[in-house]
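>>> The following comprises the amino acid sequence and a computationally predicted model.
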There are 2 protein chains.
Amino acid sequence: MGERFLDTSVAAGSAKQERKQQQRSIITQQKLLDAAIEAFSENGFKGTSTRDIAERAGVHHPLITYHFKNKEQLWKAATDRIFREFNISLVKAMAEIPDIEAKAKAEAFIRTYLHYSRSQPALHRIILQEANYESERLEWLTENHLKPMFDEVSKALTGLQQLGVAPEGSPALLFNMIRVCAGGLIALKLELKHTSDIDLDSDEQISELAEMIIRVFFPGDQPRID
Amino acid sequence: MGERFLDTSVAAGSAKQERKQQQRSIITQQKLLDAAIEAFSENGFKGTSTRDIAERAGVHHPLITYHFKNKEQLWKAATDRIFREFNISLVKAMAEIPDIEAKAKAEAFIRTYLHYSRSQPALHRIILQEANYESERLEWLTENHLKPMFDEVSKALTGLQQLGVAPEGSPALLFNMIRVCAGGLIALKLELKHTSDIDLDSDEQISELAEMIIRVFFPGDQPRID
DNA sequence: GATACCACTGACCAACTGGAAAATTAAATT
DNA sequence: AATTTAATTTTCCAGTTGGTCAGTGGTATC
C-alpha cells in the first residue's frame, strides 16, 4: 500500500510485487474523471463540490478520496487527461501533412483545435476558470501544459510570418488571438446561440469559423518552392 | 417599507412620502457591489460565498440580504453596474467621432472596449462564468445586455463589410471574434503573463493589441467620399 | 429634543462542504 | 476453498454555506 496514486510506479528496487488493478476500479476512475471535467468546467474549482462530481459519476463520494486522494489531485488528473487527449489528436493530425506545407499545417492546427474543442469545450473553459486569479493550480497548468504548447506553436507562427502568410506583429499576441477565436468562441457557444444565432455544435458553422479564422489570420499565400 | 430594493420607485399614486436614503447606506452598497464584481468574476456565482463578498467589502454579511435581498439579486445589481458603466464609456467615446468616419468609429470601439476591459476585466469574465451552462442568469444577461449590444454592433459591422473595410463572412461570427480578441484576451491576462510574456496591464501592449486587432480585422481602407 | 424610521449587529438555523475512518464486500492469488 | 488484498459503502466530523430574525445604534424629520 501507499503508492496507490502514483501512475509511474515502475520503481527500481521495490521488490514487493503488487496486485494488478481491477477493471471496476479503472471504470470508476474514468467515470470520476469525466464527471470532474464537466463539473469543473461549469463551475470552476471552488464552485464544484466533490459530492456533485460523485453524483454525476454515479458513485459514492468517498471514492474520490480513495482514488485521487483529494479534490485538488482529482482536478489535476482531470486536467491532465484533457490536455493529453488533445495533444494526441493534434500530433496525429499534424503528422498527415508534410513539413514544407507550412500554411496547410497551420490550417490543420486550427481545424483540429476547433474539432477537439467542440467535443471537449472544457479544454478552454478550465483555462478560463483558472486564469481569473493567481493560484497554485494556474502555475501548475501553465508550467505543465500551456507553456510547452505556446513555445512550440509560436515558433511555427514566426515561420509563417517570414513567409508572408501571417500578418506582422508580436507572434505571441497573434497566437493568443487565434487561440481565443477558436477555443474562446466555443467556450461561449451557449451565449452565441442566444445572442447571435450561431450554433457551434453544427458542422457547417464550425467549418465557417475555421475558414474565417484562416482568412483573417493567414491572408497570404505560401510562396511556391521551385 | 417593502419597496427597499426597487431603484425605480417613482410610482404614480404612492402618496406615502419616503425618507431619503442615507449616505452610509449608499457607501456600503457601493462597497458590496465592488466586492461582488471582483468575487463573482474570480469564482463564478456558485463558487462565491456571500460571506466572502461581505469580507472583501469590509461589511457584515447580513447587510447583503438587507440591501439586495439575496445573492442572486446582488449578482444582477453588480452585473448591471458593469454593463451600464461600460455603455457610458462607449457612448462617450463614439460621440466624439462623426458618423461618416465608419472605420474610425470601429477603431474607437475597439480601443474603448480594450481600455474599459483592462480597468474592469469582470466585463468579460462574468459572461464567461455564466456561459458554461444554461441558467436563468445567462438568459437574463443575454436578454438585458448582450443581445442589445450585439444587435447594434453587428449592424455597424455589416456596413464596414460593404465598404470593403472588414473581411467577408458572417458578421455575427466576425463580431464575436473581435470581441474575444479584445475582452477574451484580457480575461486571460494572468495566463498570458506566465506563458507569453505579455503584460496587458501596460499601455504599450494594450495599444499593440489594439493595432493588431484593427490590422487583422479591418485591413481595408475606407473609400474617400468626394 | 422627541419620534420614527433607516442601517446595522449578533446570534442562530438547516443544509451543504471536504475529508477521515471503520465496516463490509468483491476479486485475485495461493 | 482459503487467504489476502483491493474496492466500495456507511457513518461520522468539524467547518462553511445562504438566509432569518430580534435587537441595537444612528440619522432625518417633525
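On my side now, so go ahead.
>>> can you give me the offset of stretch A:204-224 from its chain's centre?
Using CA atoms, centre = their mean, to the nearest Å, we find the averaged C-alpha position of stretch A:204-224 to lie 22 Å away from the chain's own average C-alpha position.
>>> Run the contact check for it versus chain B.
Yes. For a cut-off given as CB under 8 Å from any CB of the partner chain, stretch A:204-224 has contacts with chain B, namely A:205, A:208-209, A:211-213, A:215-217, A:219. For the C-beta atoms, the positions are set from N, CA and C on the backbone; glycine is no exception.
>>> so which of the residues you listed would you say is closest to residue A:181?
Distance from residue A:181 was checked for each of the residues of stretch A:204-224 next to chain B by CB to CB. The minimum falls on residue A:213, at 5.3 Å.
>>> Give me the buried positions along the helix or strand that contains the closest one.
Residue A:213 belongs to helix A:203-217 when assigned by DSSP states H and E. Of the residues in helix A:203-217, those buried under the neighbour-count criterion (16 or more other CB atoms under 10 Å in any protein chain shown) are A:205-206, A:208-210, A:212-214, A:216-217.
>>> and if you look at stretch A:117-125?
Buried residues in stretch A:117-125, defined by neighbour count with 16+ other CB under 10 Å: A:117-118, A:120-125.
>>> and the worst-scoring helix or strand of chain A on mean pLDDT with helix A:203-217, angle?
Of all the helices and strands that make up chain A, helix A:147-162 has the lowest average by mean pLDDT, DSSP states H and E, namely a mean of 94. The directions of helix A:147-162 and helix A:203-217 differ by 60 degrees, with axes from the mean of the first three to the mean of the last three CA atoms, to 10 degrees as the criterion.
>>> hmm, helix A:147-162 in reach of chain B?
Yes. Helix A:147-162 is in contact with chain B by CB under 8 Å from any CB, via A:147, A:150, A:154.
>>> With just CA atoms, put that helix into PDB.
These are the backbone C-alpha positions of helix A:147-162, laid out as PDB (Å, rounded to 0.1, in the frame of the first residue of the first chain):
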ATOM      1  CA  LYS A 147       3.800  27.000 -21.800                       C
ATOM      2  CA  PRO A 148       5.000  23.900 -23.700                       C
ATOM      3  CA  MET A 149       2.300  24.300 -26.300                       C
ATOM      4  CA  PHE A 150       2.800  28.100 -26.600                       C
ATOM      5  CA  ASP A 151       6.500  27.700 -27.200                       C
ATOM      6  CA  GLU A 152       6.100  25.200 -29.900                       C
ATOM      7  CA  VAL A 153       3.300  26.900 -31.800                       C
ATOM      8  CA  SER A 154       4.800  30.400 -31.600                       C
ATOM      9  CA  LYS A 155       7.900  29.100 -33.300                       C
ATOM     10  CA  ALA A 156       5.800  27.800 -36.200                       C
ATOM     11  CA  LEU A 157       3.900  31.100 -36.300                       C
ATOM     12  CA  THR A 158       7.100  33.100 -36.700                       C
ATOM     13  CA  GLY A 159       8.000  31.000 -39.700                       C
ATOM     14  CA  LEU A 160       4.600  31.800 -41.200                       C
ATOM     15  CA  GLN A 161       5.200  35.400 -40.700                       C
ATOM     16  CA  GLN A 162       8.500  35.200 -42.500                       C
END
